[in-house]
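K.L.:
Need a 3D model of the sequence below.
(2 chains)
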Amino acid sequence: MNSNIVIGIIAVILCALPFIGVETYSLHLIIVILIWAFAYTGWSIMGRFGLVSLGHGAFMSIGGYVTALLWNNIGLSPWIGIPVSLLVSGLLAIVIGYPCFRYKIVGHYFALVTLALSEVVRQVIIATRDTTGGSLGYTPERHGEGISIVALQFSNDRIYFYYVALFVWMAGIMIWRYVDQSMSRYALEAISEDEDASAAVGVQVTREKLKVTVLSAVMTTFAGAMYCQYQMFISPDTIGGVGVSLQIVFAVVVGGIYNALGPTVGAVITIMLAEVLRISIGTASVCVSKDVCFNAAGVPLLIYGILLIVFIIFLPKGIVGGVADWWKSRSADPPDAAGSTQLEPAKAKTG
Amino acid sequence: MAEFSEALFSIFFIETLINGLLLGGVLALLSLGLNLIFGVVDVVWICYAEIIMLGMYTIFFLYKAGVPLPLAILGGIAVTTILGYLTHKLVISRVLDAAPINQLLATGGLLFFFQGLAMVVFGIEFRNLGVSLGSLAVSSDIYLSSTRLLSFAVSGVVVICLYFFLSRSYLGAAIRAISQDREIMTLMGVDTKRLYLLTSAIGGALAGLAAALLALQYDIHPFIGLSFGPITFVICVMGGLGNMVGGFLAAFVFAELITLGGYFADLEWGYVMAFVFFVVTMFIRPEGLFARKS
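P.N.:
A predicted model of the protein is given here:
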């Protein structure tokens, strides 16, 4: 009961946010956080079961590029373009996922196969530079002035997009909770503990893994399409490639992989951190003497890296997971021993 | 079709094939250290390419400060050796008991850290060593880059040295044994910690060597690791992680695919072909293309 009231209050605050004097810049930041939080939530839906994908940059760029290419070249509205992109990446997830799960490619190997996938998509985008603009990026054409529902373009009025992003993010949390409460969760947890044993007791390993992979891929693709519609600019390095794939994993690990709000907290922390550092330190060179200059633009990456290592070593369940554990051990005595502390209990099969 | 067969038998095609072979040498050297570390410590260093990048910077700045090139290269190797040692000492040793994926992510953190460090300290400009070894005319039509020939030779020599080190020396035997059975080695009184550190340092030294060969051929910038890092991992996996001979052969398969793709279309399509080939191979032989049946 208590938690429902808290959720209700938070929901009301979130809905009222644009009307209580939030300036445009903050609103922009919140929208960006919501979009990425949705992508991170999508990743964690499969990541929490030990299916660590480094290929979600590929799905994200498919969402952006397919939608924008259809709009620019044949004038297909994103209302159709986005479903098409979801279909494309769902199919891609099956094409990559089915053999992976069928032949028991897990752990390291799964991570590296999906890493290859994000490189393939990035290289294809760069190779087809005549259509996609290559590494220089791509811009969906403006439909004209003002707001257009058909083109899903809301010009510079951020309030509309804020509500779209808020709605999508909430839907993402609901999907996470739905999976969390479904039978699939138990099946997938069993699979991540011991694949052969769970197959022996009747869990359909390949099917369960495939279901969650497709769901996760489709959600990330949708985030990519949203990013494209909001920023009106995409490039292989801002929504794809190994960099973005690692960034997704990083944020989720920092936030907490086993909690519904973990990925969102991760998004808030990483994006705010980058913004604060960018504004306080700036991107210019800082010179300590005439000859010794430092480029401050690298500082966020530096701190990201240290944080990620510290989290993996000391707080593998992330901030939300850590706080939840601490809360549990405080209120319940003796402490609850349930919940695994490892991301991937299954060892990689090598032959 | 006539065009195609013409392209197939032209002198340029043969040159492409040879260039692929030479590129294979570089890629083989790149994957060697990573493979050694994986075979012994059982951790994939996602940040391996970034250690190479820092080695390239070291060589660049030493050379620009007036240090002769061979000494600068030695300096670079020294730095990467220390980096390899520290990577294990400060990070990996603390996650040895964690899940494999946590280990992978910890080195992912190092990747960001090294990139950020390079940006802060060295800036984002592209830097070029400005040393050219020129090219070698094999016949009147075929020219080969001397740097690539050199890297091919160097990686060949290194592979042979490593082979003898592993098969003949006492330490090499210990390293091979530990990759076969981790638990029993501790019971036999082997100091696994020391072996892990030693292997990481050797892996770092190999990264320094690769850095020297790459610095001669490519511009240096903080994100150069991303351009050859994924290829390196993929080569190691394709050869069977930890299997050095397999990785060596896989490097050549990969290099030929990339250069042939570049010959018939764009270089990017070469990469696409190589990566697709990798994914397909993983499905046919998940344990790696050249893995021995166990």
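K.L.:
list the buried ones in the lengthiest helix in chain B?
P.N.:
Taking DSSP state H as the criterion, chain B has its longest helix at helix B:11-41. Applying a neighbour-count criterion of 16 or more other CB atoms under 10 Å in any protein chain shown, one finds B:15-16, B:18-41 buried in helix B:11-41. C-beta: built from backbone N, CA, C; applies to glycine.
K.L.:
Pick out the residue of the stretch 151-294 of chain B closest to chain A.
P.N.:
For the stretch 151-294 of chain B and chain A, the shortest gap (CB to the nearest CB) falls at residue B:268, measuring 3.4 Å.
K.L.:
what's the neighbour count on the residue nearest to that residue when sequence neighbours are not counted?
P.N.:
With sequence-adjacent residues excluded and distances taken as CB to CB, 6 or more residues apart in numbering or on different chains, residue B:268 is closest to residue A:127, at 3.4 Å. Residue A:127 is flanked by 19 other residues according to other CB atoms under 10 Å in any protein chain shown.
K.L.:
Contact partners for residue A:127?
P.N.:
Each residue near residue A:127 by CB atoms under 8 Å, 6 or more residues apart in numbering or on different chains is listed here: A:134, B:265-266, B:268-269, B:272.
K.L.:
can you tell me which of those are in helices?
P.N.:
Counted as lying in helices by DSSP H, out of the contacts of residue A:127, are B:268-269, B:272.
K.L.:
which secondary structure element contains residue B:232?
P.N.:
If you go by DSSP states H and E, residue B:232 is part of helix B:224-238.
K.L.:
Show me what counts as buried in that helix.
P.N.:
B:224-226, B:228-238.
K.L.:
quick check: angle from the longest helix of chain B to helix B:224-238?
P.N.:
Between helix B:11-41 and helix B:224-238, the angle formed by their directions is 80 degrees, by axes from the mean of the first three to the mean of the last three CA atoms, to 10 degrees.
K.L.:
Packing partners of the helix or strand that helix B:11-41 is followed by?
P.N.:
The first helix or strand that comes after helix B:11-41 along the chain, using DSSP H and E, is helix B:48-64. In this structure, helix B:48-64 packs against helix B:11-41, helix B:69-86, helix B:100-122, helix B:192-217, helix B:224-238, with contacts taken as 3 or more CB pairs under 8 Å, 6 or more residues apart in numbering or on different chains; DSSP states H and E.
K.L.:
Mean pLDDT and distance to chain A for those - can I get that in CSV?
P.N.:
Compiled in CSV, the helices and strands packed on helix B:48-64 are given as follows (pLDDT from 0 to 100; distance: least, CB to the nearest CB, whole Å):
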stretch, mean pLDDT, distance to chain A
helix B:11-41, 83, 9
helix B:69-86, 94, 12
helix B:100-122, 87, 3
helix B:192-217, 89, 16
helix B:224-238, 84, 5
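K.L.:
Among these, which comes closest to residue B:257?
P.N.:
Minimum separation from residue B:257 across these (CB to CB) falls at helix B:11-41, 8.0 Å.
K.L.:
and the top helix by length along chain A with chain B, contact?
P.N.:
Secondary structure of chain A read by DSSP H shows that its longest helix is helix A:205-231. No: where contact is defined by CB under 8 Å from any CB of the partner chain, no part of helix A:205-231 touches chain B; the two come within 13.2 Å at best.
K.L.:
Buried residues of that helix, list them for me.
P.N.:
A:205-206, A:208-231.
K.L.:
what residue ranges in the stretch 201-350 of chain A score low on pLDDT?
P.N.:
Applying pLDDT under 70 to the stretch 201-350 of chain A picks out residues A:282-293, A:332-350.
K.L.:
for it, what spans make up the helices?
P.N.:
When secondary structure is read from DSSP state H, counting those that start in this stretch, the stretch 201-350 of chain A shows helices at A:205-231, A:236-239, A:241-255, A:262-281, A:299-314, A:318-331.
K.L.:
winner for burial among those?
P.N.:
Scoring the helices of the stretch 201-350 of chain A by mean neighbour count under mean count of other CB atoms under 10 Å in any protein chain shown gives helix A:241-255 as the most buried, with a mean of 26.
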